[in-house]
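> predicted model follows, preceded by the sequence.
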Amino acid sequence: MGDTSPEADARYHELLRRMTPERRLEAAMRLSQAVRELALVGIQTRHPDAGEEELRVRLTVRLYGRACAERLFGDVPEDAV
C-alpha cells in the first residue's frame, strides 16, 4: 500500500502472524461486514427512496458485479454500479 510506511506494514503483518487462525478469520469477517455496511450506507445515501429489494440488488452489483446481480435478481437498475 502506498499510504503505509514500511515500518507500519511490517508491524501489521507481525501482529497478523501472532494471531491464531481463528482470530485472523474473525478479524477478516469483521472487516468484510464493515465493507458491506459502508457500501450499503453509500447506496442508501445516493438512493434514499430505494426499498429493501432495490438496496439488495444494488449492493449485489457493488460487491459481486452486474452479471451476478442479473442472474440472481433478473432486473437490475441501469445506474447500479
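Alright, I've got the coordinates. None of the values given here were measured: they were computed from a predicted structure.
> so Ala39 sits right up against Thr60, yeah?
No: if you go by CB atoms under 8 Å, Ala39 and Thr60 don't touch, sitting 10.3 Å apart. No exception for glycine: its C-beta is placed from N, CA and C like everyone else's.
> higher neighbour count, those two?
Using other CB atoms under 10 Å, the more surrounded residue of Ala39 and Thr60 is Thr60, with 19 against 14.
> separation between the most centrally placed residue in the chain and Arg18?
Nearest residue to the geometric centre of the chain (CA atoms, centre = their mean): Val35, 3.4 Å. If you measure Val35 against Arg18 using CB to CB, to the nearest Å, the figure is 24 Å.
> again, but for Arg30
17 Å.
> circling back: what's the helix or strand where the residue nearest to the centre of the chain lies packed up against?
Assigned by DSSP states H and E, Val35 belongs to helix 21-46. With contacts defined as 3 or more CB pairs under 8 Å, 6 or more residues apart in numbering; DSSP states H and E, helix 21-46 has these neighbours: helix 52-64.
> I'd like the next helix or strand past the helix it packs on.
helix 66-73.
> how about that following helix: buried residues?
Using 16 or more other CB atoms under 10 Å as the test for burial, helix 66-73 gives Ala69.
> for the record, mean pLDDT for that helix?
Averaged across helix 66-73, the pLDDT comes to 97.
> same thing with stretch 8-18?
Here the average pLDDT along stretch 8-18 is 95.
> renumber starting at 15 from here on
Yep, numbering from 15; the last one is stretch 22-32 now.
> off-centre distance for it?
23 Å (CA atoms, centre = their mean, to the nearest Å).
> just stretch 67-83 next, same as before
For stretch 67-83, the distance to the chain centre is 12 Å (CA atoms, centre = their mean).
> could you export it as CSV, CA atoms only?
Extracted C-alpha coordinates of stretch 67-83, given in CSV (Å, rounded to 0.1, in the frame of the first residue of the first chain):
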residue,chain,number,x,y,z
GLU,A,67,-35.2,-5.2,-2.7
GLU,A,68,-33.5,-2.4,-4.7
LEU,A,69,-30.9,-1.9,-2.0
ARG,A,70,-30.2,-5.6,-2.0
VAL,A,71,-29.8,-5.6,-5.9
ARG,A,72,-27.6,-2.5,-5.8
LEU,A,73,-25.4,-4.0,-3.1
THR,A,74,-25.0,-7.2,-5.0
VAL,A,75,-23.9,-5.2,-8.1
ARG,A,76,-21.4,-3.3,-5.9
LEU,A,77,-20.0,-6.4,-4.3
TYR,A,78,-20.2,-9.1,-6.9
GLY,A,79,-20.8,-7.4,-10.3
ARG,A,80,-23.7,-6.7,-12.6
ALA,A,81,-23.7,-10.2,-14.2
CYS,A,82,-24.1,-11.9,-10.8
ALA,A,83,-26.9,-9.5,-9.8
